[in-house]
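K.L.:
For reference, the sequence and a predicted model appear below.
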Amino acid sequence: MFRQSLRVVRRAALAVVASAFASNAALAAQYDFLTIQQTGTNTSQFNSFGGNGNGFITVTDSFPNGGAGAQNNNNAAIFPSAFTTLFPGTGNVQGHLAQTVYNHTSVVTFDLTTYNLSSSTVFGLWNTSDEVTAPVGGNPVYRIQLIDSGGFQVNPTFNYIGNQDNQGAGQPLGRHQMVMNALGEITFGAQINGGNGTHTDAMFFDQIPAGTKKIIVYADLPPLNNIGDGVGYYFAEVRVPEPASLGAIAMSGILLLRRARRPAGG
């Protein structure tokens, strides 16, 4: 009888320990979006926070021939943003707003040299224009490029996570789905939301190549109006589980195992 009880307790203890590791796996699937702060007229900084501690990403918006929109770098204008279908539990998140006036160019640079990049780091963008298209033989309206570990500019080889509308209160739904080709050119595809939205939905990627130093987004907007196109940019990372909570669960299993070794009445 004692041996049978011992087996039952051991199974329970192993289940508790297994639960600790299962909890760890579940937490590994949860994400935290980086917060952002404005650091200058055309500069901002994404920050890794809490237990993640992966450093920061600097953002610089450049307009070679003028053309900064009135809302450029006004990151509060896209808060709250929310993408909880792709990233459950993340709630309202922050992002960077870059606005380029039509008939102008811009370069938005995300410097990763002070950030601990991993394969699970997420990069996303939202709300690129569907009101203009690149002229024949001209530059793409938007194009993403990387500066690799050797300092060379290369096409992005991201892993596509998915598309999603911005669920943040007051943020417009997309009218078309955002699309990126192998050259990093951002365009728009299928009509969504019955064509009643604005511009495009959001698109997210991970597996940014190891050693990437910068992500650069070039814009070359054909003429349309004097307001401009505002695009939201986001970074997220896998949440690091709190070691104290994991340790408590595992310790419960160890204590159960110790108790299981004691004979009845001991």
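P.N.:
Received the coordinates, thanks.
K.L.:
The residue found closest to residue 57 once you drop the neighbours it is linked to in the chain: neighbour count?
P.N.:
Once flanking residues are discounted, residue 57 sits nearest to residue 46: 4.1 Å by CB to CB, 6 or more residues apart in numbering. Where C-beta positions appear, they are placed from N, C-alpha and C, glycine not excepted. Residue 46: 25 surrounding residues under other CB atoms under 10 Å.
K.L.:
pLDDT score assigned to residue 46?
P.N.:
Note on residue 46: pLDDT of 98.
K.L.:
got it, and residue 239?
P.N.:
Value for residue 239, per-residue pLDDT: 92.
K.L.:
Any idea how many residues pack against it?
P.N.:
17.
K.L.:
Pull up the gap between it and residue 182, please.
P.N.:
31 Å (CB to CB, to the nearest Å).
K.L.:
try residue 167
P.N.:
From residue 167 to residue 182 the distance is 29 Å (CB to CB).
K.L.:
what about the residue lying closest to residue 43 once chain neighbours are set aside, neighbour count?
P.N.:
The shortest distance from residue 43 to any non-neighbouring residue, by CB to CB, 6+ apart, is to residue 60 (5.3 Å). Applying other CB under 10 Å, we find 18 other residues in the vicinity of residue 60.
K.L.:
List the contacts of residue 60.
P.N.:
42-43, 108-109, 111 (CB atoms under 8 Å, 6 or more residues apart in numbering).
K.L.:
Residue 167 and residue 182 - which one has more neighbours?
P.N.:
The residue with more neighbours, out of residue 167 and residue 182, is residue 167; 16 against 8, by other CB under 10 Å.
K.L.:
wait, which of the contacts of residue 60 is closest to residue 220?
P.N.:
residue 108 (12.6 Å; CB to CB).
K.L.:
For that closest one, list the residues it contacts.
P.N.:
Here residue 108 is in contact with 59-62, 98, 216-217, 219, 231, 233 (criterion: CB under 8 Å, 6+ apart).
K.L.:
ok, now with 6 Å
P.N.:
61, 98, 217 (CB atoms under 6 Å, 6 or more residues apart in numbering).
K.L.:
I'd assumed the residue nearest to residue 43 was in a strand, is it?
P.N.:
Yes - assessed by DSSP: H, G, I helix; E, B strand; the rest coil, residue 60 belongs to a strand.
K.L.:
State the pLDDT value of it.
P.N.:
The predicted local confidence for residue 60 is 98.
K.L.:
Most neighbours of all the contacts of residue 108, which one?
P.N.:
Result: residue 98 is most packed of the contacts of residue 108 (other CB under 10 Å), 31 neighbours.
K.L.:
Report the contact partners of that one.
P.N.:
61, 108, 231.
K.L.:
what helices or strands is the helix or strand hosting the residue nearest to residue 57 leaning on?
P.N.:
Assessed by DSSP states H and E, residue 46 sits inside strand 43-47. Of the remaining helices and strands, those touching strand 43-47 by 3 or more CB pairs under 6 Å, 6 or more residues apart in numbering; DSSP states H and E are strand 35-40, strand 56-62.
K.L.:
Next, find the distance separating the residue nearest to residue 43 from residue 46.
P.N.:
Taking CB to CB, one finds residue 60 at 12 Å from residue 46.
K.L.:
just residue 64 next, same as before
P.N.:
24 Å.
K.L.:
With residue 32 instead?
P.N.:
11 Å.
K.L.:
hey, what's residue 238 bridged with?
P.N.:
Beta bridges link residue 238 to residue 31 when assigned by DSSP bridges.
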